[in-house]
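Asks: My questions are about this predicted structure, shown below with the sequence.
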Amino acid sequence: MPRVALTAFVLLLAFSIPAEAQTPDARAAAEARTILDRNLKAHPPAIQLETRPARHINASMVFAIGASKLAADQWFLYMPLPPETAGQTHITYKATPEVSKTAEPTGLKQPLLLWQIQAAANQKNMVAVNITYSADLLSHKLVPGPAAEIPALPDDQRTAYTAATPLLDWSAQSFQDWLAKNSLRPAANETDVDLARRIFLHLKEHSNFEFKDGIERRVSRTCAIMKTDCGGLTALYVAALRANGIPARQLVGRWAQSAKKDEKLYGKPWQQEHIKAEFYAGGIGWVPVDVSVAVDYDKKPGSLQHFGQDPGNFLTFHYDADITLNVPQQGQKSIRFMQEPAYFFQGRGSLEGEVKQSDWIVETARPRK
């Protein structure tokens with residue numbers, strides 16, 4: 001089926017639901033998507049995403065957890081298996097002890113790595129693991145030029161990356177009111193890139209960065225205070241795009257550089273953890289955006305230094321905020337922003353007073369040919 005016809009068919013399905021049966025937020029998103037698709041057809045993008053090799057990395061995470069009141073018989077530790085994206089390819093890994101592959105049982109069903117470790121008789125109160133990810137990182141940025149032949153986003157992905165979630169609760173009335181108050185809906189001739197750029201600049205000029213324990217990140221609340229960290233700022237951005245029918249997602253991971261001993265960010269321990277975002281633009285693909293760095297460091301009005309360009313210095317672990325785990329004999333567990341191993345045990349005692357030690361070591365080489 002031709003691409004234009006396929007798009008029209010998908011839209012026909014989307015709008016086969018009677019308008020009166022749609023909630024106001026869903027109706028607003030559908031109307032926004034209609035405007036964006038009409039403008040995209042009338043004004044095809046004169047830009048494309050240029051991708052170039054940036055560097056090859058071997059990134060190692062060393063992690064240990066222990067507690068004096070614990071007598072574990074078996075440990076279960078999980079880490080994401082980084083996805084292949086426009087910014088990272090040829091992902092491989094080596095882990096000690098050995099790991100097995102698994103995946104989320106629900107949601108995006110993202111790939112995971114699992115350690116199942118029998119506790120040694122003399123080490124029932126602690127466990128240690130390490131994993132090294134190897135990847136080719138690529139820079140990618142928007143440049144002038146005719147749109148490339150980019151496949152349409154599959155329907156299941158479009159649905160997943162426009163959905164509301166507990167964090168991205170864009171259907172909440174407070175968030176809908178915030179969008180309306182700030183005119184964050186498509187203008188007459190705006191395409192998805194135009195609207196995404198305007199929302200980026202609005203957040204850049206009207207948000208503040210804050211990094212502390214227990215910080216609020218739910219978008220129905222942060223849209224009122226406009227002060228949060230990288231997880232909260234990217235959530236605001238992604239939610240605003242999804243509320244307009246633009247597929248968008250958070251990229252959870254770490255900077256591709258080694259952690260420094262005892263380094264802190266705004267007074268809190270930090271080992272290069274960060275969260276970025278990207279959105280899917282018709283005829284272009286997944287476009288990179290770093291909202292929080294723009295808010296925190298780029299004070300030049302109107303600057304687009306962190307919109308539509310990425311130097312290839314970040315390793316994405318997983319998409320969006322929450323990862324669902326199916327832990328043996330414990331059922332499903334939800335972990336938010338899995339930037340280090342999630343850990344569970346079977347046995348006696350508790351993790352009260354737990355002590356964690358970790359490190360993030362990155363070796364960089366020239367990009368492979």
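Replies: That came in fine, so what should we check first?
Asks: Touching, residue 73 and residue 118? I think so.
Replies: Yes. Residue 73 lies in contact with residue 118 (Cβ atoms under 8 Å); the separation is 7.4 Å. Where C-beta positions appear, they are placed from N, C-alpha and C, glycine not excepted.
Asks: quick one: residue 240 from residue 253, how far?
Replies: 22 Å (Cβ to Cβ, to the nearest Å).
Asks: Show me which of those two is the more surrounded one.
Replies: residue 240 (28 against 24; other Cβ atoms under 10 Å).
Asks: For the stretch 201-350 of the chain, just list every one of the helices.
Replies: 219-225, 230-242, 291-297 (DSSP state H, counting those that start in this stretch).
Asks: Nearest to residue 312, out of those?
Replies: Among the helices of the stretch 201-350 of the chain, helix 291-297 comes nearest to residue 312, with 14.7 Å by Cβ to Cβ.
Asks: quick one: the residue lying closest to residue 219 once chain neighbours are set aside from residue 321, how far?
Replies: Setting aside the residues directly before and after it, residue 219 is nearest to residue 239 in space (Cβ to Cβ, 6 or more residues apart in numbering), at 4.3 Å. Applying Cβ to Cβ, the value for residue 239 to residue 321 is 11 Å.
Asks: now swap in residue 230 and tell me
Replies: 12 Å.
Asks: what residues go with each domain of this structure?
Replies: Using automatic domain parsing, the domain ranges for the chain come out as 3-44+154-318, 50-137+337-365.
Asks: closest to residue 143 out of those?
Replies: Residue 143 sits nearest to domain 50-137+337-365 of all these, at 4.5 Å, using Cβ to Cβ.
Asks: residues in contact with the residue nearest to residue 219?
Replies: 164, 168-170, 175, 219 (Cβ atoms under 8 Å, 6 or more residues apart in numbering).
Asks: wouldn't residue 182 be in contact with residue 201 here?
Replies: No. Shown here, residue 182 and residue 201 do not form a contact pair, counting by Cβ under 8 Å, at 11.3 Å.
Asks: What score does residue 109 have for pLDDT?
Replies: With respect to pLDDT, residue 109 has a value of 95.
Asks: how about it, secondary structure?
Replies: The assignment at residue 109 comes out as coil when based on DSSP: H, G, I helix; E, B strand; the rest coil.
Asks: beta partners for the residue nearest to it when sequence neighbours are not counted?
Replies: Excluding the flanking residues, the one nearest residue 109 by Cβ to Cβ, 6+ apart is residue 103, at 5.1 Å. Per DSSP bridges, the residues bridged to residue 103 are residue 111.
Asks: if we can go back for a sec, lowest average confidence across the domains of the chain, which one?
Replies: Among the domains of the chain, domain 3-44+154-318 scores lowest, at a mean of 90.
Asks: Pull out the buried positions in the longest helix along the chain.
Replies: Scanning the chain for the longest helix, with DSSP state H as the assignment, gives helix 24-42. Neighbour counts over helix 24-42 (16 or more other Cβ atoms under 10 Å) mark 25-26, 28-33, 35-37, 39-40 as buried.
Asks: Counting by contacts, list what the very next helix or strand once past that helix packs against.
Replies: Moving toward the C-terminus from helix 24-42, the next helix or strand (DSSP states H and E) is strand 47-66. Packing contacts for strand 47-66, counted by 3 or more Cβ pairs under 8 Å, 6 or more residues apart in numbering; DSSP states H and E, involve strand 126-144, strand 285-289, strand 355-365.
Asks: ok, residue 234 - how many residues close by?
Replies: Counted with other Cβ under 10 Å, the neighbours of residue 234 add up to 30.
Asks: Now it. Nearest residue, chain neighbours left out?
Replies: residue 277 (4.4 Å).
Asks: Show me what the closest residue to residue 330 other than its chain neighbours bridges to in the sheet.
Replies: Distances taken as Cβ to Cβ, 6+ apart put residue 344 closest to residue 330, at 6.0 Å, once the chain neighbours are dropped. Residues in a beta bridge with residue 344, per DSSP bridges, are residue 76.
Asks: and residue 344, how many neighbours does it have?
Replies: Neighbourhood size, residue 344 [other Cβ under 10 Å]: 17.
Asks: And the strands in the stretch 251-369 of the chain?
Replies: For the stretch 251-369 of the chain, strands defined by DSSP state E, counting those that start in this stretch occupy the ranges 264-265, 268-269, 273-281, 285-289, 309-310, 314-319, 322-327, 331-336, 342-349, 355-365.
Asks: Could you dump the ones you listed into JSON lines and include distance to residue 249?
Replies: Compiled in JSON lines, those are given as follows (distance: least, Cβ to Cβ, whole Å):
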{"stretch": "strand 264-265", "distance to residue 249": "23"}
{"stretch": "strand 268-269", "distance to residue 249": "25"}
{"stretch": "strand 273-281", "distance to residue 249": "6"}
{"stretch": "strand 285-289", "distance to residue 249": "8"}
{"stretch": "strand 309-310", "distance to residue 249": "14"}
{"stretch": "strand 314-319", "distance to residue 249": "5"}
{"stretch": "strand 322-327", "distance to residue 249": "12"}
{"stretch": "strand 331-336", "distance to residue 249": "15"}
{"stretch": "strand 342-349", "distance to residue 249": "20"}
{"stretch": "strand 355-365", "distance to residue 249": "23"}
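Asks: Of those, which is nearest residue 212?
Replies: Taking the strands of the stretch 251-369 of the chain one by one with Cβ to Cβ, strand 268-269 is closest: 6.8 Å.
Asks: mind putting the helices and strands packed on strand 47-66 in a markdown table, distance to residue 224 and mean neighbour count included?
Replies: Formatted as a markdown table, the helices and strands packed on strand 47-66 follow (distance: least, Cβ to Cβ, whole Å; neighbours: other Cβ atoms under 10 Å):
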| stretch | distance to residue 224 | mean neighbour count |
| --- | --- | --- |
| strand 126-144 | 32 | 19 |
| strand 285-289 | 22 | 23 |
| strand 355-365 | 34 | 15 |
